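Asks: Just the structure for this:
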Amino acid sequence: MTDKADSSLARMLSVLDLFSDQRLHWSAEDISEALGVSLPTSYRYVKTLGDAGLLRRGPDAQFTLGPRIVVLDHYIRQADPVLQRGIPFMRELVKQTGFDCVVSSLYGDQLLDTHREYGSMPADLSYGRGRPRPLFLGGAAKVILAGLPTPQLHRLLDSHRDEVAAAGLPTDWPTFRRYYSQIRKDGRYFSNGELEPQLAALAVPLHDADGSVIGALSLVTTVQRMAVIDLDKLTPLIQRAAQEIAARLR
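Replies: Numbers count the residues shown, from 1 in each chain. Predicted structure coming up:
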């Protein structure tokens, strides 16, 4: 495939990146303007993506994401090794604690929850599978970023400095690095009303066979319920589950 064809394919696929919580419907005209392509090119893109089931045209000539996305998500769940090996341990944690158990992973610059097991009193979470979470708030985000290679962490700071400041974190690299180094040393992070004011979470990293951090395992409940819990007793439970999952990934 030529460089020109590669570029055209990448531009066409970038149509999918336009969809977000803030905007779920796009016309061909709006896509043309957003991507800086001609209107005929925009129509060609949406037709090709529509034929593949990745877009669906509504009666008002507005396009939404298509049903093929749902099918692909099903296949992703089936193929995800963390879910294949981790769900039994997540269910055991829920049984032991009564709290929700969530696994999260970093994909590029997006932090996503990939699975949730519900506890006896399910938490009212604003974020769920597929909805990107803030990169610099909450237990899962903190333990994942703490385990990143230094160059990758530095790049995230450089490219998201405004978000870092909004999260109340240091924006100078030495202090930023020390902040995450301490979390990595602790091996856990307790978030108390940080991501959502009514919720608390205890998160630990999930490691791959080579020791690299591939995600986070979190126990989530209300601030009130977590307030009466001894974190020093809760931490070994979730750390043991994370270790068991990592061992099976090997």
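
Asks: what does stretch 116-135 rub up against?
Replies: 21, 73, 87, 90-91, 93-94, 97-104, 109-115, 140-141, 145, 156, 160, 163, 167, 195-196, 198-199, 220-222, 225 (C-beta atoms under 8 Å, 6 or more residues apart in numbering). C-betas here are computed from N, CA, C, even on glycine.

Asks: which of the residues in that stretch are buried?
Replies: 116, 117, 119, 123, 125, 127, 133, 135 (16 or more other C-beta atoms under 10 Å).

Asks: For these, which two are the farthest from each other?
Replies: 119 and 135 (25.8 Å; C-beta to C-beta).

Asks: now the helices for this structure?
Replies: With DSSP state H, the ranges of helices along the chain come out as 3-13, 28-35, 39-51, 68-79, 81-97, 139-146, 150-159, 161-166, 173-186, 223-226, 231-249.

Asks: Kindly reformat the buried residues of stretch 116-135 as TSV containing pLDDT.
Replies: Shown next, in TSV, are the buried residues of stretch 116-135 (pLDDT from 0 to 100):
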residue	pLDDT
116	93
117	93
119	89
123	81
125	80
127	81
133	91
135	94
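
Asks: Which of those residues fall in strands?
Replies: Per DSSP state E, strands hold the following members of these: 116, 117.

Asks: From residue 31, how far off is the residue of the chain positioned farthest from its centre?
Replies: Farthest-out residue of the chain from its mean C-alpha position, per C-alpha atoms, centre = their mean: residue 40, at 34.9 Å. In this view, residue 40 and residue 31 are 12 Å apart by C-beta to C-beta, to the nearest Å.
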